[in-house]
Structure formats: C-alpha cells, structure tokens
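> any chance you can model this:
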Amino acid sequence: MTKTSNNFNFVLALLLFLSCTNIFSVALADTNVKISSPSSTLDPDVAELLWNYTTNDGIRDVSITADGGLIAASTYSDDGLIYLFTDEASESKIPLWTYNATTSVYGVDITPEGNHIAAVSDAQNVLYFNDSVTSPKMPEWEFTSTSDFPNDVAISANGNYIVAATDDGNVYFFNSTYGNPKTEMWSFSTGDSVWSVSISADGNYIAVASADNHLYVFDKTSSTPLWNFTESSDVHTVEISDDGNYLVAGTQNSKVLLFNISSNVPIWTYNADDSVYSVAINSNGNYIAAGGLDNKVYFFERSNSTPLWNYTTGAQIGDTDHPHCIDISADGKYLAVGSNDNRTYVFERSSGTPLWNYTTEGILYAVAMSANGAYITVGGDDHHIYLLFQDLSTPSPAAISFGYWFILFALPTFVGLIVFRRKRIKNI
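Here you go, the predicted model:
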C-alpha cells in the first residue's frame, strides 16, 4: 500500500472519529440540561419539592441562608412559632428547633451563613438567636419595646446589627452584643406604620419604608437620617443591595423608585399599573424586581427605567402586611415570586416566561431564594412551609466545539472507508 493511500486512510479515519466525538459530546451536553423549556407544572427534570412542613397557623415570613442549607420561618396566631430547618429532603420533615413566642411573629431574618436569626413578635419583642440546637430553645437576648406591634426585622450579614420597626412608626437599631436588659443603639419615630425595613450586608446603611409618605435612609451611627424622600402616598416596601450602594422602594401610588444610597434624588422612577407591595434588588444593584396590586412582576436593569419584561400572574403579589413576596439571586439571574393565586413563579432574567411554577393550597405570604437561586422557600395561609429546589446545571460544552456540521461528514466518510478497504483487498 502506498504512502498516499495510508495518508488518505488516516484522514478518513480521523474525520469519522471527529464526527462520532462531536455527536457524542452534543448528546452528552443535552443530558445535562436541567433548566429547560418553560413548564407550567413542577416537572422533576426542572425543579422538585424537597419537603413541606405543616405549621400551627399561616406563615408570616421566611428566610434562607446563602447556600440554602438553613431555613427560618415564623407564623401568626396566639401560639406563634419561630422555626429553623435544614434543607435535607424528608417525607416527614421536622425542624432543628422551634421557639414559642406565645403570639404572632411578624418577621424573621437569617444571616447568609445561618449563624444568627432575628425575629419580631406581637409581644413588642425583638429576639436574637444562634443556630445551636437546644431544647428548649431560648434567644440569646430579647428586647421589649414600649411601642406598638413590630412589623419587620432585618439583620446584617455578620449578625452584628439588627433593625426592627413597628406599627406605630418606631424604628430600633441594635448591635448584637448581649445586654441585660437589652437596649437599642438608637431609635427613630416616623409617626406612622412601617411595614418594611432593610439593611446592607455590612450593617452600615438602613432603609425604612413608612406610611407617613417617606423613605428614610440612616447610617448605623446615628438616628438622624442621612436623607429622606417625600412621596405623595405611603411607601410600602424597600430593599438595599448587599453592597449598600443602591436601594429600591415601592409605593401606594404605583411607583418603583431606584436610588443611589448617597442621594435622595431617584436614579429613575417607573409607574406600575397599581400599588407596589414587594421589591427586590440583587447584590450589586444591577437588577431590580417589583410587584403588587396589578398582579404583575416587573424586571429591570439598573441602567433603564423601562422593564426588561413584565409578567402577569393570576392575582396580586403581596400586600402592605406581606412585603416579602419577591426575591432575587445574588447575581440577578433568577427571580422568585409568590402570588395570591397560590403559585410560586421562578424566572430567569432573560425571559418574562416562567421557567416553572408551583401551586400550593393557599395565598403566598413570603418567598426567599438562596444566593445562587437553587433553593426557594415559600409560605402562606395554607399553614405550610415549602422548600423547592431547581438544578442549575448548564449544558456541558461539546468535547470539540465544531457544532453539528461534522455529522454531515459521518456518512460519506464511512462509505469512503468501505470503498477504500475494498480496493485495498482487491489489490492484494
């Protein structure tokens, strides 16, 4: 056999090998796609329910750690409880611990690492816990105010700072250092109900949404606001980006407002179709979401007041009593929304069509998403806490990224090899 024949045989064999490799690698990549086409039901190839837990009453608030490993929740009623769970799947889920507050627990927040939990109850109490499993579970400290019922609470990422706000408009700021009796670092009165507070990850900035038609921003060192913004109606909800540079607020008169933390002049304003009850902003403030009475969820980039998209759910999203019905992943890639149509919707930022949704047995009152978007916990008036999981695996790159066009060479290459082999045998 000639040298030319050997070379030709080698080239044909190489083409066939590359063709087969490409076909195999594409097929392999396709098997790794978990978040695929939009699904209107909970498809196990898209997402799954890890567990649900039946509580004694409706769920008022939920919170989740950055990795989704711990979940905190609280309930209404004269026997209100605070719960701490792991993410471990179980048909008969039980909490790591519970604490009986003997009254409704309106707010709960957990640090990203899960080391500390803050909560507020209708006993005018602010409570601070660690994650240790003890029985009976007791707070590290407890603060009892002379104000009305607390409505919301937020804790800094390291657990060092806590802000809480009440129905009569008082805002309390604490450090985590134990004190007996516990006292606040400072307090401030807005003069009307505060339903939503937020704190930056480092605890340096605090934002307060008040029914006195004002949005307030504080530095942790002082009860004198850095600035306030006056609106013509109630400010329902607020959230600060983790880096502390941006904040978003929603109002009764249908506005979504984006601010730089350094100024009370909005970067932009968007007019929704009705009152805005829930907002979310990702870690660096690049992506913003909002929802409310018009049944719509709106998704924005920081650079533009025109939404990238909006989606209409079957009912309103949140209300003044439930400002935590939207959450966003740290990078802004995924969004979770709880609606009064009993559904949790999960979106990818590139599309206004849900990746999937999950139907519960009641209105959703609170939603929280892990930092990477993989875990979503929700709760509402059906007396259940749910933990959902979506596999964020992405397609594996083809072993050789020549696309599918090599398939076109597979058949003629194979035929060429057969012809060449027959000629070789004939010539022997």
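
> for beta bridges, what are the partners of residue 326?
Taking DSSP bridges as the rule, residue 326 bridges to residue 337.

> residues contacting it?
278-280, 289-291, 297, 317-318, 335-338, 367 (C-beta atoms under 8 Å, 6 or more residues apart in numbering). All C-beta spots, glycine's among them, are computed from the backbone N, C-alpha and C.

> show me the strands in the stretch 101-250 of the chain, by range?
Applying DSSP state E, counting those that start in this stretch to the stretch 101-250 of the chain gives strands spanning 105-110, 116-121, 125-130, 141-144, 150-155, 161-166, 170-175, 186-189, 194-199, 205-210, 214-219, 227-230, 235-240, 246-251.

> adjacent strands (with direction) for the last one?
Based on DSSP bridges, the strands next to strand 246-251 in the sheet, each with its direction, are strand 235-240 (antiparallel), strand 255-260 (antiparallel).

> ok, now the fourth one?
With DSSP bridges as the criterion, the sheet partners recorded for strand 141-144 are strand 125-130 (antiparallel).

> thinking again about what came up before, out of the strands of the stretch 101-250 of the chain, deepest packed?
Mean neighbour count (mean count of other C-beta atoms under 10 Å) peaks for strand 235-240 among these, with a mean of 29.

> state the mean pLDDT of that strand.
Averaging pLDDT along strand 235-240 yields 98.

> name the residues that touch it?
Outside strand 235-240, the residues that reach it (C-beta under 8 Å, 6+ apart) are 195-200, 205-211, 213-215, 229, 246-252, 261, 275-281, 292, 318, 320, 323.

> can I get that strand in PDB, CA atoms only?
Taking Å, rounded to 0.1, in the frame of the first residue of the first chain, the C-alpha atoms of strand 235-240 are listed here in PDB:
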ATOM      1  CA  VAL A 235     -44.100  54.000  50.900                       C
ATOM      2  CA  HIS A 236     -44.900  50.300  51.300                       C
ATOM      3  CA  THR A 237     -41.600  48.400  50.700                       C
ATOM      4  CA  VAL A 238     -37.800  48.900  50.400                       C
ATOM      5  CA  GLU A 239     -34.700  46.800  49.900                       C
ATOM      6  CA  ILE A 240     -31.000  47.800  49.900                       C
END
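
> quick one: the helices in the chain, in order.
3-31, 407-427 (DSSP state H).

> between the contacts of residue 326, which is nearest residue 71?
Of all those, residue 71 sits closest to residue 367, with 11.9 Å by C-beta to C-beta.

> show me what that closest one is bridged to.
Beta-bridge partners of residue 367, as defined by DSSP bridges: residue 378.

> where in the stretch 101-250 of the chain is pLDDT low?
The stretch 101-250 of the chain contains no residues with pLDDT under 70.

> still on that earlier bit, any idea which of the helices of the chain scores lowest on pLDDT?
helix 3-31 (a mean of 47).

> what domains does the record give for this structure?
3-31+404-427, 47-390 (automatic domain parsing).

> I'd say residue 87 and residue 69 touch.
Yes: using C-beta atoms under 8 Å, residue 87 is in contact with residue 69, at 5.3 Å.

> who has more neighbours, those two?
The residue with more neighbours, out of residue 87 and residue 69, is residue 87; 20 against 15, by other C-beta atoms under 10 Å.

> contacts only, for that one.
50, 68-71, 375, 387, 389.

> middle-most residue in this structure, spatially?
residue 369 (2.8 Å; C-alpha atoms, centre = their mean).

> right, and that residue touches residue 378 too?
No: if you go by C-beta under 8 Å, residue 369 and residue 378 don't touch, sitting 9.6 Å apart.

> about what we covered before: any idea how far the residue nearest to the centre of the chain lies from residue 49?
15 Å (C-beta to C-beta, to the nearest Å).

> go on, residue 190?
Distance from residue 190 to residue 49, by C-beta to C-beta: 40 Å.

> neighbour count for these two, which is higher?
More neighbours surround residue 190 than the other of residue 190 and residue 49, with 24 against 14 (other C-beta under 10 Å).

> what sits against the more buried one?
By C-beta under 8 Å, 6+ apart, the neighbours of residue 190 are 169-171, 208, 210-212, 214, 216.

> farthest pair in those?
Taking C-beta to C-beta, no two of the contacts of residue 190 sit farther apart than 170 and 214, at 14.1 Å.

> residue 115 touches residue 159, doesn't it?
Yes: applying C-beta under 8 Å, one finds residue 115 in contact with residue 159, separated by 5.7 Å.

> compare the two (neighbour count), which wins?
residue 159 (23 against 15).

> the more buried one against residue 116, yeah?
Yes: counting by C-beta under 8 Å, residue 159 does reach residue 116; the two are 3.5 Å apart.

> any residues in contact with both of these two?
Common neighbours of residue 159 and residue 116 (C-beta under 8 Å, 6+ apart) are residue 176.

> state the distance from residue 231 to residue 84.
37 Å.

> so between the two, which is more surrounded?
residue 84 (22 against 18).

> my guess is that one contacts residue 108. True?
No: Residue 84 is beyond contact range of residue 108, at 9.5 Å (criterion: C-beta under 8 Å).

> overlap in contacts, the two.
In contact with both residue 84 and residue 108: 72, 117, using C-beta under 8 Å, 6+ apart.

> what mean pLDDT would you report for stretch 286-297?
On average, stretch 286-297 scores 98.

> first residue to last residue on that stretch, what's the distance there?
17 Å (C-alpha to C-alpha, to the nearest Å).

> look up the closest residue to residue 263, ignoring the ones flanking it.
residue 227 (7.2 Å; C-beta to C-beta, 6 or more residues apart in numbering).
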